[in-house]
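> Using only what follows, build the 3D model:
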Amino acid sequence: MRRITFQCNKYSPGVLYIMVLFGVIVGLLTFYAFLVFSGIEKGPEDGPVYFREHPMHAVYVIFGLIPIAMSLPAWIAAKCWSSKEEEAQLELYEDHAVLYWKNKEFLIKKGAVNIKIPKPQPYWYKTYVLKIPRHRVVLVGSIKEIKEKRRRRPSLDVAMEEISAYK
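Predicted coordinates for the structure are as follows:
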């Protein structure tokens, strides 16, 4: 028996997409609330005195805040998503393997696993999809481990290479 311990992200990429979408919506609502409370949305005649005197500054503020209102919440969501990690183990036997992930145990018999790498892959994390009978396991590489660069290869890549012999 060989045991491989590897780091992976706690959440799947779907959670990241939901977090980014929610963050962008909140950012745009905040942007709209800023326009309403500052009075800019009333127009050039009824808006704040400063923006009536300097109408181009209102245009700069409006169009300058749009990318900030969209990108800042998306960046925060990506940082929160990538900060959560967990450790998983893979025990390799001659005729089967056992994956311990998220407090669950998955028995992988030889010839009963299918490993897929979704295309296209984002450049800052790598995803593996393990299809085991009656289960689908999505493993995302550890962002912290990639940033550390202490190892040549991330531990998830090593574990997936070892389990590929069980295809």
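> Where does pLDDT dip in the protein?
Residue ranges of the chain with pLDDT under 70: 149-152.
> distance between the lengthiest helix in it and the chain's centre?
When the chain is parsed with DSSP state H, its longest helix is helix 55-83. Put simply, helix 55-83 sits 19 Å off its chain's centre (CA atoms, centre = their mean, to the nearest Å).
> Give the other helices and strands that it contacts.
Packing partners of helix 55-83 (3 or more CB pairs under 8 Å, 6 or more residues apart in numbering; DSSP states H and E): helix 13-38, helix 49-53, helix 143-148. For every residue, glycine as well, the C-beta is placed using N, CA and C.
> Give the buried residues for it.
Residues of helix 55-83 classed as buried by neighbour count (16 or more other CB atoms under 10 Å): 58, 65, 69-70, 73-74, 77-78, 81-82.
> cool, stretch 34-54 as well?
By 16+ other CB under 10 Å, the buried positions in stretch 34-54 come out as 35, 39-40, 47, 51.
> Those residues into JSON lines, with extra columns for distance to Gly23?
Shown next, in JSON lines, are the buried residues of stretch 34-54 (distance: CB to CB, whole Å):
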{"residue": "Leu35", "distance to Gly23": "19"}
{"residue": "Gly39", "distance to Gly23": "26"}
{"residue": "Ile40", "distance to Gly23": "23"}
{"residue": "Gly47", "distance to Gly23": "29"}
{"residue": "Phe51", "distance to Gly23": "28"}
